[in-house]
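S.K.: Following is a predicted model, sequence given first.
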Amino acid sequence: DSVSVMMALTMSRHFPGLRLRIMLLEPEGAKNAALLSIAFPRCFSAHEMKSAIFAKNTHIVGLVTFLSGLMQSRVDHYSTDQLEKLSRADAKRHWRLEYAQSMKRSLIGFVISPYLANMTFPAVARKVYEDSRGGVLLIAVAQDGQLILNYDDVIQVDQVVVAIVLSSAVHPGLLTQNRRRRKID
């Protein structure tokens with residue numbers, strides 16, 4: 001965490017107008033970053049995010065498995081046709097096809113485009129989902145250094161959101177100019 005904070009400080013010195021977002025491992029790292037004048041809402045902890053997802057898993061069975069499948073990259077050993085045949089042959093294993101299809105999706109975080117700001121999260125999620133023809137599903141918002149699933153408020157300009165995206169389709173209007181998408185590991 002300290003190396004990431006120092007790198008962020010160096011980048012801030014060289015590029016004063018740069019607005020950084022930094023992911024740290026420990027919650028204490030975000031507090032230390034705040035002491036070094038890195039805005040707290042721009043830092044979030046990977047462990048806090050994992051804890052929040054684990055807590056949600058007690059309410060939504062299989063959530064951790066689903067999200068871990070989204071976050072790892074792997075090559076499918078079976079084609080979709082093979083999985084369809086296997087699914088039809090064994091009714092108890094129908095989930096394999098859906099799981100294989102979900103492996104073609106990624107979890108990304110990005111800054112929301114200004115044209116989607118000042119709308120409620122459900123309205124933005126619906127608009128993004130419809131505009132991308134089901135290719136992008138917003139699931140969380142970063143606020144005060146934490147990721148909030150199913151956010152129940154208005155999305156602000158330049159707020160970071162997390163989405164499940166079809167690997168081949170990210171709607172270009174979602175990202176603000178001069179921002180690149182990045183996978184969350």
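M.R.: Good, I have the coordinates.
S.K.: Surely residue 48 touches residue 29?
M.R.: No. With the criterion set as CB atoms under 8 Å, residue 48 and residue 29 do not qualify as a contacting pair; they are 10.3 Å apart. Backbone N, C-alpha and C define where each C-beta goes, glycine included.
S.K.: Looking at those two, which has the bigger crowd around it?
M.R.: Relative neighbour count places residue 29 above the other of residue 48 and residue 29, with 21 against 17, counting by other CB atoms under 10 Å.
S.K.: so what's that one closest to, chain neighbours aside?
M.R.: In space, and not counting its chain neighbours, residue 29 is closest to residue 1: 3.3 Å by CB to CB, 6 or more residues apart in numbering.
S.K.: can you count the residues close to the one you found?
M.R.: By other CB under 10 Å, neighbour count at residue 1 equals 19.
S.K.: try residue 45
M.R.: Look at residue 45: counted by other CB under 10 Å, it has 22 neighbours.
S.K.: Need the per-residue pLDDT for the residue lying closest to it once chain neighbours are set aside.
M.R.: Nearest in space to residue 45, with sequence neighbours left out and distances taken as CB to CB, 6+ apart, is residue 27 at 4.5 Å. Confidence per residue is given as pLDDT, and for residue 27 that number is 72.
S.K.: Over to residue 105?
M.R.: 74.
S.K.: in the sheet, who's paired with it?
M.R.: With DSSP bridges applied, the residues forming beta bridges to residue 105 are residue 166.
S.K.: so how far is residue 66 from it?
M.R.: For residue 105, the distance to residue 66 under the criterion CB to CB, to the nearest Å works out to 10 Å.
S.K.: Counting neighbours, which bits of stretch 138-148 end up buried?
M.R.: Judged by neighbour count (16 or more other CB atoms under 10 Å), stretch 138-148 contains these buried residues: 138, 139, 140, 141, 142, 143, 145, 146, 147, 148.
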